[in-house]
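1. Below are the sequence and a predicted model; questions follow.
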Amino acid sequence: MDKSAEYIRMCEEAKEIQKDIPDFDDGDFYYQYPGEGVYAWGGKWSRVGGVYIAGVDMWPSSDTKVVWLPRQDQLQETYYRMDIQLDYRVITDMNGFIKENLEYVKQFTSLEQLWLAFLMFRKYGKVWDEEKEEWVNQNV
């Protein structure tokens with residue numbers, strides 16, 4: 001699981017994905033600040049509820065920010081929900097994306113970063129601008 005500062009920033013700026021945060025399940029990763037840390041979820045979380053950890057209901061304060069850090073399998077699941085079957089076509093599409101954008105994809109240092117970039121490109125038409133540290137429209 002990528003817990004790098006780069007991946008955290010990419011996820012934080014992926015507003016389209018952050019707005020669809022699922023209820024966290026055990027083993028989901030998130031970044032929380034203040035506190036500046038990456039955590040694996042160990043309870044249930046609801047966007048309208050609180051945090052349940054070790055039997056204590058902890059309500060996030062208004063100044064707590066949570067950034068979901070999707071695992072590779074979660075990014076793939078999101079891609080599959082685009083009405084694309086789980087078969088060789090996904091691999092063919094990813095392979096084509098890499099071949100057509102080789103210089104662009106060289107900046108990514110993990111499969112989570114690559115899958116996030118692939119998803120943002122295919123689903124939202126955006127690419128990661130490493131200098132600006134934000135997702136921009138691909139035709140820019």
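-> Arrived safely, thanks for sending. Here the structure is a predicted model, which is why all the values come from computation and not from measurement.

2. Now residue 90: phi and psi?
-> Dihedral angles of residue 90 (phi, psi; degrees, to the nearest 10) stand at phi -70, psi -50.

3. Would you agree it is in contact with residue 80?
-> Yes. Contact criterion CB atoms under 8 Å: residue 90 and residue 80 qualify, at 7.3 Å. From N, CA and C alone the C-beta is placed, and that goes for glycine too.

4. More neighbours: these two, which one.
-> More neighbours surround residue 90 than the other of residue 90 and residue 80, with 16 against 12 (other CB atoms under 10 Å).

5. what about the more buried one, distance to residue 98?
-> Distance of residue 90 to residue 98, given as CB to CB, to the nearest Å: 13 Å.

6. One more: residue 9?
-> In terms of CB to CB, residue 9 sits 22 Å off from residue 98.

7. Could you look up the SS state of residue 68?
-> Here residue 68 is recorded as strand under DSSP: H, G, I helix; E, B strand; the rest coil.

8. ok, it - contacts?
-> 11, 17, 18, 21, 24, 28, 29, 30 (CB atoms under 8 Å, 6 or more residues apart in numbering).
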